[in-house]
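Colleague: kindly generate the corresponding structure for this input.
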Amino acid sequence: MRGRFAFREVSWGPSVVALLVPQRRPFVLLDRVMGVVDAPVPALRGARHISANEPVFDGHFPQVDVWPGALTLEGVAQAAGALASVVALSETMEDLGAELDHVELGATLGRGWDAEREAAFRARLAGQRRPLALAGGARLKFASPVFPGCRLDYEVWLERRMGELVSFGFEASVDGRLVVEGSLSASSDLR
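Modeller: Numbering: from 1, shown residues only. So this is what the prediction gives:
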């Protein structure tokens, strides 16, 4: 990544990701959210660990395991969806970050976790999720392939809002090496 944002470091794993995106296993392509920025430009940094045991490697490509670019874009879209959820929920919950940290604390059996607090937060979330509907990608530039055994890092940021249409810029990289960059457009009730 090119270091364009000063991220607030977070460590939100699968339990928190499940609150932010509608996808479920085996099609969740965002393992962890590692950083967020609220202003002036909302942004999110996340990651997906690519295992050699992924079923897709059985046929893509024979004798050379290459992670499909379409799955990289889906992971980016899920990171954009997580960002859209964080932005939308932050507008109604000023304590969102602390509550998501608390959910992660419970998921990792952390000391100080309170089941009642998490249940109350989940009740506040009910009916507030605003998943994105991906409309398309533009200016996509694939720079290098992704192989098993690496961590695919996503960085997405809000470029512009036009009513219900939202545009996100993104970069995906492995070990600081650019894999793909571009922008995604989506439909959302993000305002």
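
Colleague: assign a three-state SS to the residue nearest the centre of the chain, would you?
Modeller: With distances taken as Cα atoms, centre = their mean, the residue of the chain nearest its centroid is residue 79 (2.1 Å). Secondary structure, DSSP: H, G, I helix; E, B strand; the rest coil: residue 79 is helix.

Colleague: specify the residue positioned farthest from the middle of this structure.
Modeller: residue 63 (30.3 Å).

Colleague: secondary structure element for it, which one?
Modeller: For residue 63, there is no enclosing helix or strand under DSSP states H and E.

Colleague: close enough to count as contact, residue 93 and residue 99?
Modeller: Yes. Residue 93 is within contact range of residue 99, at 7.0 Å (criterion: Cβ atoms under 8 Å). To be clear about C-beta, it is placed using only N, CA and C from the backbone, and glycine gets the same treatment.

Colleague: these two - which one has more neighbours?
Modeller: The residue with more neighbours, out of residue 93 and residue 99, is residue 99; 20 against 16, by other Cβ atoms under 10 Å.

Colleague: which residue is the nearest non-sequential neighbour of that one?
Modeller: Excluding its sequence neighbours, the residue lying closest to residue 99 (Cβ to Cβ, 6 or more residues apart in numbering) is residue 121, at 4.5 Å.

Colleague: count of residues packed around that neighbour?
Modeller: 19.

Colleague: mind listing what's buried along stretch 43-62?
Modeller: 43-48, 50, 57 (16 or more other Cβ atoms under 10 Å).

Colleague: export the residues you listed as CSV, with columns for pLDDT and secondary structure.
Modeller: Conversion of the buried residues of stretch 43-62 to CSV gives the following (pLDDT from 0 to 100; DSSP: H, G, I helix; E, B strand; the rest coil):
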residue, pLDDT, secondary structure
43, 98, strand
44, 98, strand
45, 98, strand
46, 98, strand
47, 98, strand
48, 98, strand
50, 97, coil
57, 89, helix
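
Colleague: show me where this protein has helices.
Modeller: All helices of the chain, identified by DSSP state H, fall at 14-20, 69-90, 96-107, 115-125.
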